[in-house]
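[1] Okay, sequence plus prediction incoming.
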Amino acid sequence: MQYRQIIFDLDGTLVDSARLTGQIIDAMLADRGVRAQADPALIRAMDAIGGEAMIAAVMGEHTHDPAADLAEFRERHKVAATPADLPFPGVAKGLAELAASGIAMAICSNKPQHLCEKILGDLDLARHFAAIIGSTANRPRKPAADAALLALDHLAGDTSSTLYCGDSLVDLETARAAGLPMALVDWGYGVEHALAASPGTPVIRRFAQLVKVAKDGHA
């Protein structure tokens, strides 16, 4: 069966969000007189987890209240400029090609809803998605299946014809919980951990490959 729908993770899958996260945290540290800068590798490793755990890990000894620092981070994120080159190579063109091919698409992310909408809107990518499902206070975060199933509902799809595309073990577990076939992108942040847990998971090497995957029904 061909895939008629694709549900995408956002951070580490479509956009290199770790770059922007690092810039914001570096600014927070600098404003506190801290010369240290955020470790990009640690940001990438913690990206799929996000939230207070990410802030606590990345800021380390320089945070004493991760909840307050997360709130500050998100407030700064609201007004931070979104770099035009934040999407990974081939993403903008590939999404347009998928849309032109009649593939319905949705976002399923642990990033707060308003930040998902901001980034995709700033990059003029929101128009490609039938639904943008970010995290909210009243919905369990991934790897719970809730957000993925909500995205599936918006796409009016079924589990056999909808591909879940992400970059991490969290995404792998989300797809399994929702009963969706899964593909990983090899440029993502957590691909090695995901493949260690499930070595047979299909891997997308180039974004343009997704058009063929959607038509053929397998990665």
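    Sure, I can see it.

[2] Could you pull out the buried residues of the worst-scoring helix or strand of the chain on mean pLDDT?
    Within the chain, confidence by mean pLDDT, DSSP states H and E is lowest for helix 209-216 among all helices and strands, at a mean of 80. Buried residues in helix 209-216, defined by neighbour count with 16 or more other C-beta atoms under 10 Å: 209-210, 213-214. The way it works is simple: take the backbone N, C-alpha and C, and place the C-beta from them, glycine included.

[3] how close does A18 sit to G179?
    30 Å (C-beta to C-beta, to the nearest Å).

[4] Show me how this protein divides into domains.
    5-16+86-216, 17-79 (automatic domain parsing).

[5] just the ones you listed: most buried one?
    domain 5-16+86-216 (a mean of 19; mean count of other C-beta atoms under 10 Å).

[6] so how far is that domain from its chain's centroid?
    7 Å (C-alpha atoms, centre = their mean, to the nearest Å).

[7] What of stretch 70-87?
    That offset, for stretch 70-87, works out to 14 Å (C-alpha atoms, centre = their mean).

[8] Can you get me the start-to-end distance on that stretch?
    24 Å (C-alpha to C-alpha, to the nearest Å).

[9] show me where this structure has helices.
    Counting by DSSP state H, the chain has helices at residues 17-31, 40-46, 51-59, 66-79, 91-100, 113-122, 146-155, 169-178, 191-197, 209-216.

[10] Serialize those to JSON lines and add fields for distance to R139.
    Output for those, formatted as JSON lines (distance: least, C-beta to C-beta, whole Å):
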{"stretch": "helix 17-31", "distance to R139": "20"}
{"stretch": "helix 40-46", "distance to R139": "21"}
{"stretch": "helix 51-59", "distance to R139": "14"}
{"stretch": "helix 66-79", "distance to R139": "17"}
{"stretch": "helix 91-100", "distance to R139": "25"}
{"stretch": "helix 113-122", "distance to R139": "9"}
{"stretch": "helix 146-155", "distance to R139": "5"}
{"stretch": "helix 169-178", "distance to R139": "13"}
{"stretch": "helix 191-197", "distance to R139": "23"}
{"stretch": "helix 209-216", "distance to R139": "27"}
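
[11] Quick one: closest of those to F129.
    helix 113-122 (7.1 Å; C-beta to C-beta).

[12] Look up how far G90 lies from the residue of the chain most remote from its centre.
    For the chain, the residue at maximal distance from the C-alpha centroid (C-alpha atoms, centre = their mean) is G33, at 31.3 Å. Using C-beta to C-beta, one gets 41 Å for the distance from G33 to G90.

[13] ok, now A104?
    Distance from A104 to G90, by C-beta to C-beta: 20 Å.

[14] again, but for L152
    25 Å.

[15] neighbouring strands for the longest strand anywhere in the chain, and are they parallel or not?
    Taking DSSP state E as the criterion, the chain has its longest strand at strand 104-112. The strands beside strand 104-112 in its sheet (DSSP bridges) come out as strand 5-8 (parallel), strand 131-135 (parallel).
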